[in-house]
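1. missing the sequence, but the structure's below:
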């Protein structure tokens, strides 16, 4: 499969890539250095008619032929940051070949530019907060974003490779984890596995948890119930203290990242409404570093 240059070079339409089969190697600079490439991957910029936003889509398709039912697929939010790691992990699952696992298609949903985390994520990944006066348009766009994935992006990816409709996952970290939980609670039929890493449950006075109202009824209409993995770094919430928290510790203490994730996992596990619920407290990890073990654990959870 062809390689791509990340993140600067934009490649041609996916159909042209498939037709050509190979792409020319990047030009070598005068001093001998050239842009790095990511094996077995491609990218394309698209504009959504639903959100009006431009997205940079990254795709990795396994080299092995698709199973009879199609490839499993992971849609990963914050694709500029998450895709390189998940694409490598996906390839490693094929190299190991343990337990008859099928390597998945990895789809990273990112944004144009050089930033690892695009600014439009604050709108795309957040639910309506319910806070009076919060109508700036800079947040609360999660429903349109999920419409984009379901109605525009998923059909586009299906033109690149056959996808198994019964083995699809959504991964997100931080605001992306918030979006993942929102999708689970409000659109549980969209995916079979939801991987929520360090979810910002605190956002908008915990607005995402309003989706638990009617959640069991929405699940009851499904032929099979989805699975959820929740993870959070142990350093994302300060240790209990007899003294008042200051600065960032005060903010982190108020957000209760660890407690909120653990309590939600316990509540959903006790309810027995999902096929599987798994919670990981990631030792020695903070909010940023927790994303890496969360991706590894999440992919293993999904493929198992």
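-> Looks like it arrived, so ask away. A quick note: this is a predicted structure, and the numbers were derived from the prediction, not measured.
2. each with direction, which strands does whichever helix or strand residue 164 is part of pair with?
-> Assigned by DSSP states H and E, residue 164 belongs to strand 163-173. If you go by DSSP bridges, strand 163-173 pairs up with strand 71-77 (parallel), strand 193-197 (parallel).
3. out of these, which is closest to residue 298?
-> Nearest to residue 298, of all these, is strand 193-197, at 3.7 Å by Cβ to Cβ. No exception for glycine: its C-beta is placed from N, CA and C like everyone else's.
4. quick check: next helix or strand after the helix or strand bottoming out on mean pLDDT in the chain?
-> Taking mean pLDDT, DSSP states H and E as the measure, helix 14-20 is the helix or strand of the chain with the lowest mean score, a mean of 34. Counting by DSSP H and E, the next helix or strand C-terminal to helix 14-20 is strand 37-38.
5. and that next one, what other elements does it pack with?
-> Here strand 37-38 touches strand 4-5, going by 3 or more Cβ pairs under 8 Å, 6 or more residues apart in numbering; DSSP states H and E.
6. pretty sure residue 295 sits against residue 82.
-> Yes. Between residue 295 and residue 82 a contact is recorded at 6.6 Å, counting by Cβ atoms under 8 Å.
7. select the longest helix from this structure.
-> Secondary structure assigned by DSSP state H gives helix 79-96 as the longest helix of the chain.
8. give me the angle between that one and strand 193-197.
-> 120 degrees (axes from the mean of the first three to the mean of the last three Cα atoms, to 10 degrees).
9. please list the outside residues in contact with helix 79-96.
-> With Cβ atoms under 8 Å, 6 or more residues apart in numbering as the contact definition, helix 79-96 has outside contacts at 6-7, 38-41, 56-58, 60, 62-64, 74, 76, 101-111, 115-118, 171, 173, 176, 291-292, 295-296, 299, 303.
10. residues contacting stretch 296-304, please?
-> When contacts are defined by Cβ under 8 Å, 6+ apart, stretch 296-304 is touched by residues 72, 74, 86, 89-90, 93, 99, 101-102, 104, 167, 169, 171, 193, 195, 197, 227, 229, 231, 276, 278, 280.
11. can you map out the helices along the protein?
-> Counting by DSSP H, the helices of the chain are 14-20, 79-96, 121-124, 142-148, 154-158, 175-186, 203-206, 215-220, 247-255, 257-271, 291-303.
12. the longest one vs helix 175-186, what angle?
-> Angle of helix 79-96 versus helix 175-186, following the same axes, to 10 degrees, is 80 degrees.
13. ok, residue 161 - contacts?
-> 61, 66, 70-71, 105.
14. how much space between the closest residue to it other than its chain neighbours and residue 105?
-> Nearest residue to residue 161 in three dimensions, chain neighbours excluded: residue 61, at 4.7 Å (Cβ to Cβ, 6 or more residues apart in numbering). Counting by Cβ to Cβ, to the nearest Å, the gap from residue 61 to residue 105 is 5 Å.
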